[in-house]
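1. the sequence isn't on hand, but the structure is:
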Ligand SMILES: Nc1ncnc2c1ncn2[C@@H]1O[C@H](COP(=O)(O)OP(=O)(O)OP(=O)(O)O)[C@@H](O)[C@H]1O
Ligand SMILES: Nc1ncnc2c1ncn2[C@@H]1O[C@H](COP(=O)(O)OP(=O)(O)OP(=O)(O)O)[C@@H](O)[C@H]1O
Ligand SMILES: [Mg+2]
Ligand SMILES: [Mg+2]
């Protein structure tokens, strides 16, 4: 119970990461008070850089942490540092941005499934098919590639769908808004927009500014997205779905680390579902989401023990 | 005292590094070991190489805003083409060095502002990198990873590498005849031209050397991280500029120090580690990097100013 | 001397060489031969064309017309003919060491240990020319004093550099050297010439010229006006040959004709001026006059405020460095100092601006058909007039002038003198640094500078070339 | 003289027209209005920060402000937090944003003038601190702008986006100051030759301080408007304006050597930067090729513009 856990985070520049840091602090502070763990420090580097994060992990090795909980900037570029940590006897648990190093644990989210689910939902809502616009994330990252792959694979199954445009919105409302606004004039009527989270509101704004009818835009659990959806629903019955990883997944990873340090036998891959918001759960989700933040769920030790038990 | 600093510009980077190192050892005694030093410094090696590359550009009074993107591109090539088709990979890397030299020739011959040309080129390198490696991955060649993780006697790889880089670049940039002439171009291009030297070709040479060290930096980075990504080194542009300045270099006048540049890069890397050992609140972790940069540079400028008015 | 130079071919031969920079005729047809063993001294006023002439000899400039040959070497390239130059402006790389600077001009120096060889070579050359110099070949040039840098340049000029120097050109090499060091140089030149080398020696210090020259060539306005053996000149006849005809200037301006007011300028280094006074700063170039004026001006004005009625204005002489704003039109350059006065609500009153500029174009005779033309389309002299207009158009009671007449033709100079006198009569004070004695003679009081300090203060009839030379040239010991 | 003047910025406008035309071949004529509208709306932000960057670059070699993104983020964050979506607080928010700009501008100037740091390093280091202040102040929560302000920022008057009108007013103001004002004269003179300007009696330090404060004020305003436009401030919302602000200045024909600015060129550069991305997106080109082409076009424009200048 005197073990030390570190959180290595590579970016702090959006509400998801901030909510994640907040969750981490809430849950770990309580865990320390409850003497379930000795220490749990959060470290952040700027600008999503694998090189800096690798250096950060190496520092954590020096600082003698027993486990490192890691949201990685790159699935492979940290493997060198992760291996060194493992060699030093440190448990490494990656989540969200996972690493491929075999010695590390992974709290995995099936990003391809996310993409497939989006298309499936649209297929249900739009039996006649139509044109789709894809708003991607940050070019050159693996999460972007995975989600996009899921989307494209699934669209193959529905010949009535056609992806007529694809832009990079960098998971940011303002960037998505700009990119979508730039291609809209050259696009035919759009029936649905597949997104990657954090970009739905910006996309909606771009459609509104261009005076085009609102397609079904898949949302990404941000508070502004959900409240826009709610408002539209009240006005004209607009319905969509929203999904994303809960930032509280960091706390899940934390408890996984704690369990591993406690000597429990934990499989290398722990899979977690998305946090999905539907029309039915929308009001409830909005109520529990702080203004300007993102829908979240903090995990408790009991939650995690249950998940692990189920996994066996 | 101040005269001493003015004479031996290298003292200041040495002292900054020593002070930071002492603080680090004090905060984290475990760092004071073969293993610890390696962890502290091995990722500074590619930064040091990129800083040296930047130094060759600053040496001829220009500035390079594309080195970070360039190093990323090299890393992508190294982790893909160089593994799959070694010969093609070597040719591609050589072509990149030539492209850098060409960039220098164009900048000088057309008298274009280097800052703009390199800004444009940073998009080009970045685009090519995305083209080669649309998402992070690839795998570093075995020999390269092995080379970057050797365990030499007495001191860890990073320290030996720093010594070798400093020594080699010192030989090229300071000791060799042609390096001396290159520094002359930065100091008084007119005098060099008067003595009959082709300044455009000299500039191309300086850029070519920068390209060469950029290539080495990308390869070292790939060897350490064992894979690559299209923006893996995008921070290197600003880090390398800061490293050259921290190492006692100046933006104009051909006053640069290769040893200082290596030390500057190591100082920057160490400063980041020191901050993480201080366990600041995550809110301030980014800001404190800026603050420490300002602090170290202020010290440097006080000394050089006093030195100038001696 | 020996029969060698009569029989041998000339080291350099120029036939009717001319050099024009655009419309500036820097050199107007010069023929000249220099033989081994000769020390040729070039003298003449600023801008006479001396530097242009030697830059043609060493290949830095190409003549506009005429022939340049190296009969002795039988080779067309100056460098291969053993021609060495010590340029008037600094031609060292300040960031390199002394030894490394030798490497720049001696590219054959290569291989392992070149630095040691370079250090040895430059060290030996320094030892030969300036025994006891105390310069370490391994220190960077920027840590040397101006005099030491000049010594290094000279030593590089005389160093063997893989061959032997045939002709060494020294363009004002002693302007930064003190008497003792200069004497060492002169001794070396004599020794070098005795050994069969040739030297072109440019200097404004007549004592040195007589000391070392075997032959003296006097230049004026791009032409050679006298070319005789050194013994054929006396100091007086040399000055006469160089000087402008100063006789036709009517003596109409003395302080007694104007009422001088209170003292308006006094610095702790002894410079002072009274209201309505024209104060001259004389002495050799680079002896601290420009610095004194810059210090005075920068100290009395602010870089935060730009008052409607400034206390002081500045007329620059070094136009590219201190005066001209090269991207701008003549109009904007001329109005640069009066902006606060013609600004209403932050906006420049362009009608007023044009009116002021047009008035000064008229008064000072700026030769252009349109004030909207770029300033760089003007000849140097006309650019200088714009700078004058800029200063005089303001209301500032004190005008600081840093050798402002460079490149201004004789007629305009007269006009400017008249204007300055008129302005002084209206109560303006002028502080005027000039390298031309003629201009200094326009002043009511003169401070002569030597080595950064005031060495003499002259008034009234004491203001004459003789006394100024005495105070600045350090000629006292020769007893003239 | 007018003919001569046109040369500096004509290239950016030519490029803009070509790119616009190329995009229209895809959209057909009816897309023209929408595309132009989007270009004006999004270009406006580049214009606002580009104008500030132009003033700094005009100060002469070595002068550049790398803290623009951080200042945008900080002022946007602080302003939206101060308004807290309450109606009638738009001017309070504006005041807060401008105050943030003033403070950061002064801080930058002090680092540059008093500590004699090279501007490039000083503004870079300072921007990390500003970023931290922004994180600390609001932890990345995306607070909505007051409704009236959001309507204004996304609205249009006379068919032109309001933000473009703001940018236009600023441009005219900057143009008047540069062309007609005494301050503009001082700035242009300082950029040509600081020493000569000082010796001509110009208040060069005041000019330098004012310029660094002005760029920060513009960045502050830009951040405020962008946050209102895109429905909230995010911690990385200014990021893309680092390179964009410099690019629009040099593409617009302002000399990086200083002493010469070009307001119309800023518009050319800003519209071009938006349209080129839209065009490449509309043609469905991948992120890699898009970047390569953008870089090559930038260099091409600079060579064309520079060659012209040399021949003059
Ligand atoms: N590159 C140039 N472009 C235009 N004019 C020039 C150039 N170089 C020299 N001149 C002009 O040619 C004339 C002769 O200049 P030169 O340098 O030869 O004079 P100098 O006799 O050496 O004077 P000083 O005694 O001041 O050195 C001057 O009027 C000068 O302004
Ligand atoms: N590069 C140029 N572009 C345009 N006009 C020029 C250029 N150079 C010279 N001129 C014009 O040619 C005219 C003649 O110039 P020149 O240098 O002969 O004047 P100047 O009579 O020698 O004057 P000063 O005696 O003051 O030197 C000037 O009025 C100038 O406007
Ligand atoms: Mg003339
Ligand atoms: Mg001369």
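-> That came in fine, so what should we check first? Everything numeric here is computed off the predicted structure, so don't read it as measured data. Residues are numbered from 1 along each chain as shown, chains lettered A, B, ... in the order given. Ligands and ions are numbered 1, 2, ... in the order given.
2. any idea which helix or strand carries the residue of the stretch 1-150 of chain C found nearest chain B?
-> Of all residues in the stretch 1-150 of chain C, residue C:93 sits closest to chain B, at 3.4 Å by C-beta to the nearest C-beta. The way it works is simple: take the backbone N, C-alpha and C, and place the C-beta from them, glycine included. If you go by DSSP states H and E, residue C:93 is not part of any helix or strand.
3. how close does the closest residue to it other than its chain neighbours get to residue C:140?
-> Spatial nearest neighbour of residue C:93, chain neighbours left out: residue B:187 (3.4 Å); criterion: C-beta to C-beta, 6 or more residues apart in numbering or on different chains. Residue B:187 sits 9 Å away from residue C:140, taking C-beta to C-beta, to the nearest Å as the criterion.
4. any shared contact partners between the two?
-> C:94, C:95, C:96 (C-beta atoms under 8 Å, 6 or more residues apart in numbering or on different chains).
5. for the second one, which non-adjacent residue is spatially closest?
-> If I follow you right, that is residue C:95. Nearest one to residue C:95, counting by C-beta to C-beta, 6+ apart, is residue B:187 at 3.9 Å.
6. where does that neighbour sit, in terms of helix or strand?
-> helix B:177-194.
7. ok, residue D:189 next?
-> Applying DSSP H and E, one finds residue D:189 within helix D:182-192.
8. hang on, the earlier thing: neighbour count: residue B:187 and residue C:140, which is higher?
-> Of the pair residue B:187 and residue C:140, residue B:187 is the one with more neighbours under other C-beta atoms under 10 Å in any protein chain shown, namely 27 against 19.
9. let me see the contact set for that one.
-> B:253, B:254, B:255, C:93, C:94, C:95, C:96.
10. one more: residue C:21?
-> No contacts exist for residue C:21 under C-beta under 8 Å, 6+ apart.
11. in space, what's closest to the residue of the stretch 101-250 of chain C found nearest chain D - neighbours in sequence excluded?
-> Nearest residue of the stretch 101-250 of chain C to chain D: residue C:142, at 18.1 Å (C-beta to the nearest C-beta). Of all residues not flanking residue C:142 in the chain, residue C:94 sits nearest, at 4.1 Å (C-beta to C-beta, 6+ apart).
12. which residues touch the residue of the stretch 1-150 of chain C closest to chain B?
-> Residue C:93 touches B:183, B:184, B:187, B:188, B:191, B:192, B:254, C:100, C:101, C:104, C:141, counting by C-beta under 8 Å, 6+ apart.
13. what of residue A:164?
-> Here residue A:164 is in contact with A:131, A:132, A:133, A:187, A:188, A:190 (C-beta under 8 Å, 6+ apart).
14. number of nearby residues for the fourth one?
-> Residues near residue A:187, counting by other C-beta under 10 Å, number 19.
15. so the closest residue to it other than its chain neighbours is in which element?
-> Nearest-residue entry for residue A:187: residue A:165, 5.1 Å, with adjacent residues in sequence omitted and distances by C-beta to C-beta, 6+ apart. According to DSSP H and E, residue A:165 maps onto strand A:161-168.
16. adjacent strands (with direction) for that strand?
-> As defined by DSSP bridges, the strand partners of strand A:161-168 come to strand A:130-136 (parallel).
17. now the closest residue to ligand 2 within chain B, what's its secondary structure?
-> As assessed by C-beta to the nearest ligand atom, ligand 2 sits closest to residue B:111 within chain B, at 18.8 Å. With DSSP: H, G, I helix; E, B strand; the rest coil as the basis, residue B:111 sits in coil.
18. show me where the stretch 151-300 of chain A has its helices.
-> A:173-183, A:200-209, A:223-236, A:249-261, A:282-288 (DSSP state H, counting those that start in this stretch).
19. wondering if the last one reaches chain D at all.
-> What that stands for is helix A:282-288. No - in terms of C-beta under 8 Å from any C-beta of the partner chain, no part of helix A:282-288 sits within range of chain D; the closest distance is 13.3 Å.
20. how many neighbouring residues does residue B:58 have?
-> Neighbours of residue B:58 (other C-beta under 10 Å): 29.
21. repeat that for residue C:346.
-> 12.
22. phi, psi for it please.
-> Note on residue C:346: backbone dihedrals following degrees, to the nearest 10 are phi 80, psi -10.
23. that one contacts residue D:182, doesn't it?
-> Yes - counting by C-beta atoms under 8 Å, residue D:182 is a contact partner of residue C:346 at 6.3 Å.
24. residue D:75 contacts residue D:103, correct?
-> No - with contact defined as C-beta under 8 Å, residue D:75 does not count as touching residue D:103 (9.4 Å).
25. these two: who's more crowded?
-> Using other C-beta under 10 Å as the criterion, residue D:75 and residue D:103 rank with residue D:75 on top: 35 against 19.
26. quick one, what contacts that one?
-> Counting by C-beta under 8 Å, 6+ apart, residue D:75 has contacts D:96, D:97, D:98, D:100, D:101, D:104, D:219, D:220, D:221, D:223, D:224.
27. quick check, nearest of those to residue C:266?
-> Nearest to residue C:266 out of the contacts of residue D:75 is residue D:104 (C-beta to C-beta; 44.2 Å).
28. and the helix holding residue D:189, does that touch chain B?
-> No - figure legend: helix D:182-192 not in contact with chain B (C-beta under 8 Å from any C-beta); closest approach 13.9 Å.
29. returning to what we had before: most neighbours, which of the shared contacts of residue B:187 and residue C:140?
-> residue C:96 (26 neighbours).
30. my read: that residue touches residue B:182, true?
-> No - assessed by C-beta under 8 Å, residue C:96 is found out of contact with residue B:182, at 10.4 Å.
31. so, low pLDDT: which residues of the stretch 351-480 of chain C?
-> C:379, C:406-411, C:473-480 (pLDDT under 70).
32. now with 80?
-> Low-confidence regions of the stretch 351-480 of chain C, defined by pLDDT under 80, span residues C:365, C:367, C:377-381, C:405-415, C:435-438, C:451, C:464-466, C:468-480.
33. check the stretch 1-150 of chain B too.
-> For the stretch 1-150 of chain B, the ranges with pLDDT under 80 are B:1-10.
34. contact residues of it facing chain D?
-> B:63, B:110-113, B:115-117, B:119-124, B:126-132, B:134.
35. just the buried residues out of the residues you listed, in ChimeraX syntax.
-> ChimeraX command restricting those to the buried ones, with burial defined by 16 or more other C-beta atoms under 10 Å in any protein chain shown:
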select /B:63,112,113,115,116,117,119,120,121,122,123,124,126,127,128,129,130,131,132,134
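36. what number of residues are in the vicinity of residue A:163?
-> Count around residue A:163 with other C-beta under 10 Å applied: 17.
37. okay, it: pLDDT?
-> At residue A:163, the pLDDT value in this model is 93.
38. repeat for residue B:301
-> Taking residue B:301 on its own, its pLDDT is 67.
39. may I see the buried residues of the one helix or strand residue D:149 maps to?
-> Assigning secondary structure by DSSP H and E places residue D:149 in helix D:147-154. Buried residues in helix D:147-154, counted by 16+ other C-beta under 10 Å: D:149, D:150, D:152, D:153, D:154.
40. contacting residues around the helix or strand following that helix?
-> Next along the chain after helix D:147-154, taking DSSP H and E as the criterion, comes strand D:156-157. Strand D:156-157 is contacted from outside by D:37, D:162, D:165, using C-beta under 8 Å, 6+ apart.
41. residues near the second one, how many?
-> Spelled out, it's residue D:162. Residue D:162 has 19 nearby residues by other C-beta under 10 Å.
42. what kind of secondary structure is the closest residue in space to residue B:191 that isn't next to it in sequence in?
-> Nearest residue to residue B:191 in three dimensions, chain neighbours excluded: residue C:91, at 4.5 Å (C-beta to C-beta, 6+ apart). Assigned with three-state DSSP, residue C:91 falls in the coil class.
43. hang on, isn't residue C:91 packed against residue C:152?
-> No - using C-beta under 8 Å, residue C:91 makes no contact with residue C:152, being 10.5 Å away.
44. got the residues of the stretch 51-200 of chain B near chain C?
-> So far as C-beta under 8 Å from any C-beta goes, the stretch 51-200 of chain B lies against chain C at B:175, B:177, B:180-181, B:183-184, B:186-188, B:190-192, B:194-197.
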